[in-house]
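Novice: Give the three-dimensional model of this entry:
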Amino acid sequence: MKSPIAHRFLSLSCVLSLVLSCVGRGADPEAAAFKSPAALRAQTRYQQSSVAAAKRLTDELDRTLAYAVKAGALEEANQITEAKKQVAAGGAVIIDFKRQNLVTARNMYSDAIAHAKGQYFRDLEPALREATKAGDLPEANAIDAERKALESELADGKVTGKIENGLLLTIGGKRSVWDNKPITLPEKKTTVTLTGVLLLTGKVRTVKLRTAKANGSERLRFTVDGKVCDFHKEGSNHRYVIVTPQPGSDKLRLRLGDSIAANEWEFGPLEWSINDGQWREIPRRSMVAVD
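Specialist: Numbers count the residues shown, from 1 in each chain. The predicted structure follows:
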């Protein structure tokens, strides 16, 4: 019969064997079979970014694993090994680490992958136009399918039916996709909500949001990433909100609702000002209609 010390040694040996089997594999996301140069460039850029993010996390996991093994911390060693498997599979790392360095590394990995997917989504847009103009419909459809899958992941929410650009508009229980054009809202007793995701481009520090119609700015409250926003006043009566995106995030989860005006108001289109720039109408392609 083996002693407890022998059992611990064998268990740690198994851990090390599993870890070594993961070394060098890195993230290997499933790749769509593109053939156009623009789509292939976008795909290569995404894969390179994903592999680099996976390597940074794996290096930190390896360093911490050495300490855990040396300290005889079997539970933590097993956690790290499982995390390495998740990284190698190209999926999200969902291990509840206790060490702060691993929590930070895991969160940075998640943010980096989200950023890479957002960039991939944007890089595929000109590739889609190019393939469509060239009459290569199979290639265009493959690129379009990839972009829609990315939209769903970036939205990080339940997609309502077909993935569409715009915001999900609910008026009195009736749903439709709003294309960011002016609409007349019903009276206060009718429930009105707009929900969806705004996709950001480049290095965004702050975002101001408003509706082009001043009266409509006071009709629906803005909730962004789960936080209710306070209105700021611009000029005599135009109101807006200021939002700071989550670190490393390429999106804002938006909800407009909770009527605070009794009359009918014309509402829309929504506008944004990025990094204290000029007010511009939010393009529909930057909106994803999801719950």
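Novice: confidence score at Lys133?
Specialist: We note a pLDDT of 94 for Lys133 in this prediction.
Novice: now do the one 10 residues further on
Specialist: As summarised for this prediction, Ile143 has a pLDDT of 92.
Novice: That one: neighbour count?
Specialist: 26 (other CB atoms under 10 Å). For every residue, glycine as well, the C-beta is placed using N, CA and C.
Novice: Can I take it that it is in a helix?
Specialist: Yes. According to DSSP: H, G, I helix; E, B strand; the rest coil, Ile143 belongs to a helix.
Novice: Let's verify the closest residue to Arg210 other than its chain neighbours: helix, strand, or coil?
Specialist: With sequence-adjacent residues excluded and distances taken as CB to CB, 6 or more residues apart in numbering, Arg210 is closest to Tyr240, at 3.7 Å. Three-state assignment for Tyr240 (three-state DSSP): strand.
Novice: same check, this time on the one 5 residues further on
Specialist: Reducing the assignment to helix, strand or coil with three-state DSSP, the entry for Pro245 is coil.
Novice: my guess is it contacts Val204, does it?
Specialist: Yes. Between Pro245 and Val204 there is a contact at 5.5 Å, judged by CB atoms under 8 Å.
Novice: tell me the domain ranges of this protein?
Specialist: Domain assignment for the chain by automatic domain parsing gives 4-155, 167-288.
Novice: Trp178 versus the residue nearest to Arg210, what's the distance?
Specialist: Going from Tyr240 to Trp178 by CB to CB, to the nearest Å gives 19 Å.
Novice: neighbour-wise, which of those two wins?
Specialist: Applying other CB under 10 Å to Tyr240 and Trp178 shows that Trp178 carries more neighbours, namely 22 against 19.
Novice: Any chance of the backbone angles for Lys251?
Specialist: phi -150, psi 160 (degrees, to the nearest 10).
Novice: Please look at it and Leu199 and confirm they touch.
Specialist: Yes. Counting by CB under 8 Å, Leu199 is a contact partner of Lys251 at 5.5 Å.
Novice: can you pull out the strands in the stretch 51-200 of the chain?
Specialist: Using DSSP state E, counting those that start in this stretch, the strands found in the stretch 51-200 of the chain span residues 167-171, 174-178, 183-185, 192-199.
Novice: how about these, which one is nearest Ala140?
Specialist: Closest approach to Ala140 among those (CB to CB): strand 192-199, 20.5 Å.
Novice: can you give me the angle that closest one makes with strand 174-178?
Specialist: Here strand 192-199 points in a direction 40 degrees away from that of strand 174-178 (axes from the mean of the first three to the mean of the last three CA atoms, to 10 degrees).
Novice: What lies in contact with strand 192-199?
Specialist: Strand 192-199 is contacted from outside by 118, 121-122, 154-157, 166-172, 178, 185-186, 207, 219-220, 250-257, 259, 272, 282, 285-291, using CB atoms under 8 Å, 6 or more residues apart in numbering.
Novice: Now the buried members of these.
Specialist: 118, 121-122, 154-155, 166-171, 178, 185, 207, 219-220, 250-256, 259, 272, 282, 286-290 (16 or more other CB atoms under 10 Å).
Novice: For burial, what's the neighbour tally of Thr64?
Specialist: 21.
Novice: Quick check: it touching Leu102?
Specialist: Yes. Using CB under 8 Å, Thr64 is in contact with Leu102, at 5.9 Å.
Novice: residue contacts, the nearest residue to Gly166 once chain neighbours are set aside?
Specialist: Once flanking residues are discounted, Gly166 sits nearest to Val177: 4.4 Å by CB to CB, 6+ apart. Val177 makes contact with Glu164, Gly166, Leu167, Leu168, Leu169, Ala289, according to CB under 8 Å, 6+ apart.
Novice: got a pLDDT number for Val177?
Specialist: 89.
Novice: Quick check: beta-bridge partners of it?
Specialist: With DSSP bridges as the criterion, Val177 is bridged to Leu168.
Novice: Quick check: it vs Thr170, distance?
Specialist: When Val177 is compared with Thr170 (using CB to CB), they lie 11 Å apart.
Novice: Kindly report the same for Lys35.
Specialist: Counting by CB to CB, the gap from Lys35 to Thr170 is 41 Å.
Novice: ok, now Ile95?
Specialist: 37 Å.
Novice: Ok, Ile113 next?
Specialist: Taken as CB to CB, the span from Ile113 to Thr170 is 31 Å.
Novice: Count the residues that sit near Ala73.
Specialist: Neighbours of Ala73 (other CB under 10 Å): 18.
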